[in-house]
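Trainee: Need the 3D shape of this:
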Amino acid sequence: MTAETVIATRAAATFPVHQSHVSGTMSCAYGTYAVSAAVEDGDIFQMCKVPKGATVVGGYFHAEDLDTGGEAIDFMLGWAANGTDAADPNGLLLATVMTGDISVHLDIASTWMPLQGVMTATGPKTFAAETTIQAEVNTAATTFAAGQISLIVYYIQS
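Mentor: I've put the predicted structure just below:
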């Protein structure tokens, strides 16, 4: 099977991207996708968009337990090329295996990971054009289980 790209509602070309008209106002972009079929390395989930000039200052990824077996599933979070900024599939998070196990921080079998990536090394990331934020499968699940993934992105505009 060939890797594919799917588009969440809030990343569709017809979905309006929020534009703040007040400098420094915090905004939020988010996307949710119900993953109903086994994923494979290279599958891309376009989750949401941020407007031209958006500076991403944080956010998080959360997902139901999509791997009920030997825990191998791994997602990267980043952005698609926008005509100015080059694509970076792990620019917001290069995760490791997402166990989905219940922990001190999670009361159900799921994953919650804050965005990091380039923000850890160089600070908040500013985009020169409207940009699609996406999740890409880095490693498929050992034993896939259907579930929902969500990506929340906090940004400001200058």
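
Trainee: What segments of this structure are helices?
Mentor: 118-122 (DSSP state H).

Trainee: Contacts only, for residue 150.
Mentor: The neighbourhood of residue 150, defined by C-beta atoms under 8 Å, 6 or more residues apart in numbering, consists of 30, 31, 32, 33, 47, 61, 62, 63. All C-beta spots, glycine's among them, are computed from the backbone N, C-alpha and C.

Trainee: from those, which single one is nearest residue 154?
Mentor: residue 30 (9.6 Å; C-beta to C-beta).

Trainee: Please name the strands paired to the helix or strand bottoming out on mean pLDDT in the chain in the sheet, noting orientation.
Mentor: None of the helices or strands of the chain scores lower by mean pLDDT, DSSP states H and E than strand 110-114, at a mean of 82. Strand 110-114 pairs in its sheet with strand 54-64 (antiparallel), by DSSP bridges.

Trainee: How far away from the center of its chain is the strand it pairs with?
Mentor: Centre-to-centre, strand 54-64 and its host chain are 7 Å apart (C-alpha atoms, centre = their mean, to the nearest Å).

Trainee: What of stretch 121-136?
Mentor: The chain centroid and the centroid of stretch 121-136 are separated by 11 Å under C-alpha atoms, centre = their mean.

Trainee: could you give the mean pLDDT of it?
Mentor: If you average the pLDDT over stretch 121-136, you get 96.

Trainee: Next, the distance between the ends of that stretch.
Mentor: Start-to-end span of stretch 121-136 (C-alpha to C-alpha, to the nearest Å) is 21 Å.

Trainee: Next: stretch 120-137.
Mentor: Stretch 120-137 stretches 22 Å from its first residue to its last (C-alpha to C-alpha).

Trainee: Can you point out the buried residues in it?
Mentor: Across stretch 120-137, burial judged by 16 or more other C-beta atoms under 10 Å covers 125, 126, 127, 130, 131, 132, 133, 134, 135, 136, 137.
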